[in-house]
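**Student:** Mind looking at a prediction? Sequence and model below.
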Amino acid sequence: MEPSQPRDRLGRPLGVLRLSLTARCNLACPYCLPDGQEPPGLLDQDQRLRLIAAAVALGANSLRLTGGEPLLHPGLEALIAAAAAGHRGGPNRPPQEPNPAPLGLSNPPTPPLQPPDPPDQPSDTPATGLREIALTSNGTLLSRERALALRAAGLDRLTLSLDGGDGASVAAMAGLADPAAGERALQKVLAALDHARAAGFEPGRGALKLNAVIQRGRNEEQLLPLAALARERGVELRLIEFMDVGNRNGWRPDQVLPAAVMLERIQARWPLEPLGRPSHGTAQRYRYRDGGGHLALVASVSAPFCGDCNRLRVSADGIAYTCLFARAERGLDLRPWLNAGSDPRDLQDALASLWRGRHDRWSEERSASGGEGSTDPAERRAEMAYLGG
């Protein structure tokens, strides 16, 4: 291992940069509870590009853009285009043919518009080394035109979120006023899936997935409806355990529906074949035996995967965290090394030092202590809305 590609104290390399672009969101999901305003000192576009370049120089080959809700960020497409300029395919990849309607849909997606020209790119672009650029969104703001613009800019993969299959459950899990508002949000996400597919994000190649957080006593009855919805639309459903991230969500162990229970319930309806968890991956994947696609389970609480975690998270205001469950004071403020005129090697050195000192394995330690996590309100921890999950 060369010095430019550090490993942490447990031998884990840096592989993924998860970069939050905003702390704001148009929803108020109870497991996240974002603020209505940005933190002070938000990074600008040039600072983000310097950060991406430094992470890539240290071995990161995947960039995932998160929030809050990243579609609220006005410079999103320009950032993607600048980052994509250095990785294979880039923003000018040949346009893909429109995708057919998923099996089971009576109304196929509207044929796509011609992809727009890539947005103007900032002059400071990351070095080569990125293999993919991905985005996580709640999907309610993803229009047909926006999906095309994201694809044209160079976005490779898109993950949308939906925590229920009817208006009442969506409203409960998105902090909306009533089932009618939940139904409107549901229809927007379903339309977003169609827009994404039509823009060239092909589910069969892993370019389009659907996330769902399942909380015992709140939306666990949505397991089968969500699985049916995902099967019908030909998209992989990723079921995520309710996690103790931050202090706001009031997490308790009894609110966690273990992934093994989710698997048992779904497998009783649709038999599954295990595919395993890829190296450095977060999800155990399964294939439906009847050919109905794939299912994934993220068991951060009941079956943690800290041992090969390779993710560095950076908040929208430039605070780096080496663990999703980190205490707030453990973050490193990168802004002193992100100013114009700063030597890029100084930023790389700061990130390398942070990574080499990393020894986080919070979920494994939680499991070893009986699964209770930390319920001490005095222990201030970084919030989901800042870390982007």
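**Tutor:** Received the coordinates, thanks.
**Student:** how far away is residue 293 from residue 43?
**Tutor:** As judged by Cβ to Cβ, to the nearest Å, residue 293 and residue 43 stand 38 Å apart. Using the backbone N, CA and C atoms, a C-beta is placed for each residue, glycine as well.
**Student:** so what's the nearest residue to residue 299 once chain neighbours are set aside up against?
**Tutor:** With Cβ to Cβ, 6 or more residues apart in numbering as the criterion, residue 299 has its nearest non-adjacent residue at 3.7 Å, and that residue is residue 259. Applying Cβ atoms under 8 Å, 6 or more residues apart in numbering to residue 259 gives the contacts 239, 241, 284, 297, 298, 299, 302, 303.
**Student:** need the residues you listed in a markdown table with pLDDT, distance to residue 168 and secondary structure, can you?
**Tutor:** Putting these into a markdown table (pLDDT from 0 to 100; distance: Cβ to Cβ, whole Å; DSSP: H, G, I helix; E, B strand; the rest coil) gives the following:
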| residue | pLDDT | distance to residue 168 | secondary structure |
| --- | --- | --- | --- |
| 239 | 98 | 19 | strand |
| 241 | 94 | 22 | strand |
| 284 | 95 | 29 | strand |
| 297 | 97 | 24 | strand |
| 298 | 94 | 25 | strand |
| 299 | 91 | 27 | coil |
| 302 | 87 | 27 | coil |
| 303 | 84 | 30 | coil |
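**Student:** With distance to residue 210 and neighbour count as extra columns, can I get these in a markdown table?
**Tutor:** A markdown table is the format used below for those (distance: Cβ to Cβ, whole Å; neighbours: other Cβ atoms under 10 Å):
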| residue | distance to residue 210 | neighbour count |
| --- | --- | --- |
| 239 | 10 | 25 |
| 241 | 16 | 23 |
| 284 | 16 | 21 |
| 297 | 13 | 24 |
| 298 | 12 | 23 |
| 299 | 18 | 22 |
| 302 | 21 | 18 |
| 303 | 21 | 16 |
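**Student:** Give me the distance between stretch 320-333 and the centre of its chain.
**Tutor:** 17 Å (Cα atoms, centre = their mean, to the nearest Å).
**Student:** in that stretch, what's buried?
**Tutor:** Neighbour counts using 16 or more other Cβ atoms under 10 Å place 320, 321, 322, 323, 324, 325, 326, 330, 331, 332 of stretch 320-333 among the buried residues.
**Student:** ditto for stretch 165-179
**Tutor:** Buried residues in stretch 165-179, defined by neighbour count with 16+ other Cβ under 10 Å: 165, 167, 168, 169, 170, 171, 172, 173, 174, 175, 176, 179.
**Student:** Could you do stretch 230-242 as well?
**Tutor:** For stretch 230-242, burial by neighbour count (16+ other Cβ under 10 Å) applies to 230, 231, 233, 234, 235, 236, 237, 238, 239, 240, 241, 242.
**Student:** Looking at the contacts of residue 259, spot the one nearest residue 266.
**Tutor:** Nearest to residue 266 among the contacts of residue 259, counting by Cβ to Cβ, is residue 239 at 8.2 Å.
**Student:** ok, what's across the strand from that closest one?
**Tutor:** Note on residue 239: beta-bridge partners residue 212, residue 297, judged by DSSP bridges.
**Student:** shouldn't it be in contact with residue 300?
**Tutor:** No. Residue 239 is beyond contact range of residue 300, at 11.5 Å (criterion: Cβ atoms under 8 Å).
**Student:** Do a quick rundown of the helices in the stretch 101-250 of the chain.
**Tutor:** 144-153, 167-174, 179-199, 223-233 (DSSP state H, counting those that start in this stretch).
**Student:** Kindly present those as TSV, with separate columns for distance to residue 316 and mean pLDDT.
**Tutor:** Formatted as TSV, these follow (distance: least, Cβ to Cβ, whole Å; pLDDT from 0 to 100):
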stretch	distance to residue 316	mean pLDDT
helix 144-153	19	98
helix 167-174	21	96
helix 179-199	22	98
helix 223-233	29	98
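**Student:** Reformat the ones you listed as a markdown table; add distance to residue 75.
**Tutor:** Shown next, in a markdown table, are the helices of the stretch 101-250 of the chain (distance: least, Cβ to Cβ, whole Å):
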| stretch | distance to residue 75 |
| --- | --- |
| helix 144-153 | 11 |
| helix 167-174 | 26 |
| helix 179-199 | 20 |
| helix 223-233 | 30 |
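**Student:** re the thing from before, which one among the contacts of residue 259 gets closest to residue 62?
**Tutor:** Residue 62 has its nearest neighbour among the contacts of residue 259 in residue 298, at 16.5 Å by Cβ to Cβ.
**Student:** That closest one and residue 281 touch, don't they?
**Tutor:** No. Using Cβ under 8 Å as the test, residue 298 is too far from residue 281 to be in contact (9.4 Å).
**Student:** Now tell me which helix or strand of this structure has the poorest mean pLDDT.
**Tutor:** For the chain, using mean pLDDT, DSSP states H and E, the weakest element among its helices and strands is helix 384-387, scoring a mean of 63.
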